[in-house]
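Novice: can you look at this prediction? I've put the sequence above it.
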Amino acid sequence: MDFTIALILLQDGIVNGAIYALLGMALVLVFTVTRVIFIPQGEFVAFGALTLAMLVNGRVPGTAYLLPLLGAIVLVMEVLRAVRTGAWASLPKVLLTCVALPLVLLWLTTAYAGEGNSLWLNMLLTLALIIPMGPMVYRIVYQPLAEASVLVLLIVSVAVHFALTGLALVFFGAEGWRTPAFVSGQINIGSATWSAQSLFVVGTCALLIVALWLFFDKTLYGRALRATAVNRRGARLVGISTSMSGSLTFTLAVAIGAMSGMLIAPITTVYYDTGFLIGLKGFVGAIIGGLGSYPVAAAGAVLVGVLEAFSSFWASAYKEVIVFTLIIPVLVWRSFSSHHTDEEE
């Protein structure tokens, strides 16, 4: 170990930590608003990376077919609800967002797929295919269980994780995929040489974090989510729809997951189950923040990335063990420093 190697490892740790910070913040957001420990977050990382990779290689990704399938399930559930309650007013919106939009995106994907297309347009199409899955998954799986206990929601999240992992294997196969770098070249900063792609990843993550801060602090919907996170029952009493909050939360979480997947796709080979391990490392960062503090979760995620990078140099065979062992002292400290509160307090 010398200074040059330490700078290289620090660079890798910061890049990985920036991705983990995004995922950790998404996990904190979902948990504080809906009480769901969103284990499938990592699957949407893989979906984003692999969908982009297949589009870049001129192939139609399986997510283009998964989106209409999820939309059809949502439509059936909404029709059954309307028959039961007599509330048909929301059905046109469901037809537009869950049937028309997925079919248009499927047509656009099949017509557009071909090698040589713009990487940036492929990114936009990937986001268009992945982001609508967030509210659909919430409507199908979590909204009917909105009042269930945290333990029940955790068990359901594990089931969703296995289902999405199996679908990823069917859609993308067992081989790994990579995408071209968004930017190329090297940039000298002081005594360190950074790749332009690494700086692009860190900069994009920083911009997304700032955008999330502005959304929660300056917009009406962001403040509604903050109110729901503080007190779900109080939010309902003042007219904030917890269903809307949950749907919007899952939309943001899936968008963050898809963006994270596309950012790491040029850096590392992504497999159908790669996202799970990445999501778990973001979860470690979220646990450091107590599943309630965004800045501490982001700082904890960067710590996880740096620790992983240096562990890969000193003891590469045990780097995952070292990273996940970090959660033990944090949980012990949290158990002594935190007091039990009811879920609605």
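Specialist: Arrived safely, thanks for sending.
Novice: let's see stretch 258-276 as CSV, backbone CA atoms only.
Specialist: What follows is stretch 258-276, C-alpha atoms only, in CSV (Å, rounded to 0.1, in the frame of the first residue of the first chain):
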residue,chain,number,x,y,z
ALA,A,258,-32.9,2.7,-12.4
MET,A,259,-30.6,5.7,-12.5
SER,A,260,-28.1,4.0,-10.2
GLY,A,261,-28.1,0.9,-12.4
MET,A,262,-27.4,2.9,-15.5
LEU,A,263,-24.6,4.8,-13.7
ILE,A,264,-22.8,1.6,-12.7
ALA,A,265,-23.4,-0.3,-16.0
PRO,A,266,-20.2,1.1,-17.7
ILE,A,267,-18.1,0.5,-14.5
THR,A,268,-18.9,-3.1,-13.7
THR,A,269,-20.4,-6.1,-15.3
VAL,A,270,-24.0,-6.4,-14.2
TYR,A,271,-25.8,-9.7,-13.8
TYR,A,272,-29.5,-10.4,-13.2
ASP,A,273,-28.9,-10.8,-9.4
THR,A,274,-26.2,-8.1,-9.0
GLY,A,275,-28.6,-5.5,-7.8
PHE,A,276,-29.4,-7.4,-4.6
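Novice: so which bits of that stretch are buried?
Specialist: For stretch 258-276, burial by neighbour count (16 or more other C-beta atoms under 10 Å) applies to 258-267, 270-272, 274-276. For every residue, glycine as well, the C-beta is placed using N, CA and C.
Novice: quick one: residue 199 from residue 150, how far?
Specialist: Applying C-beta to C-beta, to the nearest Å, the value for residue 199 to residue 150 is 39 Å.
Novice: hang on, I meant residue 74
Specialist: In terms of C-beta to C-beta, residue 74 sits 25 Å off from residue 150.
Novice: more crowded one of those two?
Specialist: residue 74 (22 against 12; other C-beta atoms under 10 Å).
Novice: which secondary structure element contains that one?
Specialist: Assigned by DSSP states H and E, residue 74 belongs to helix 63-85.
Novice: packing partners for the next helix or strand after that helix?
Specialist: As assigned by DSSP H and E, the chain's next helix or strand after helix 63-85 is helix 91-95. Helices and strands touching helix 91-95, by 3 or more C-beta pairs under 8 Å, 6 or more residues apart in numbering; DSSP states H and E, are helix 63-85.
Novice: give the rounded mean pLDDT of the helix holding residue 74.
Specialist: For helix 63-85, the mean pLDDT works out to 90.
Novice: that helix: which residues count as buried?
Specialist: So for helix 63-85, counting by 16+ other C-beta under 10 Å, buried means 63-64, 66-68, 70-71, 74-75, 77-78, 81.
Novice: from the residues you listed, pick the one nearest residue 92.
Specialist: residue 78 (10.7 Å; C-beta to C-beta).
Novice: tell me who's in contact with residue 196.
Specialist: 181, 183-187 (C-beta atoms under 8 Å, 6 or more residues apart in numbering).
Novice: quick one: buried residues of whichever strand or helix holds residue 214?
Specialist: Assigned by DSSP H and E, residue 214 belongs to helix 196-218. The neighbour-count check on helix 196-218 (16+ other C-beta under 10 Å) flags 197-202, 204-205, 208-209, 212, 216 as buried.
Novice: which of those lies closest to residue 102?
Specialist: Nearest to residue 102 among those: residue 208, at 25.2 Å, using C-beta to C-beta.
Novice: helix or strand: which one has the spatially closest residue to the closest one that is not a sequence neighbour?
Specialist: Spatial nearest neighbour of residue 208, excluding adjacent residues (C-beta to C-beta, 6 or more residues apart in numbering): residue 22 at 6.1 Å. For residue 22, the host element (DSSP H and E) is helix 3-34.
Novice: so residue 61, which state does it fall into?
Specialist: Under the three-state scheme (DSSP: H, G, I helix; E, B strand; the rest coil), residue 61 adopts coil.
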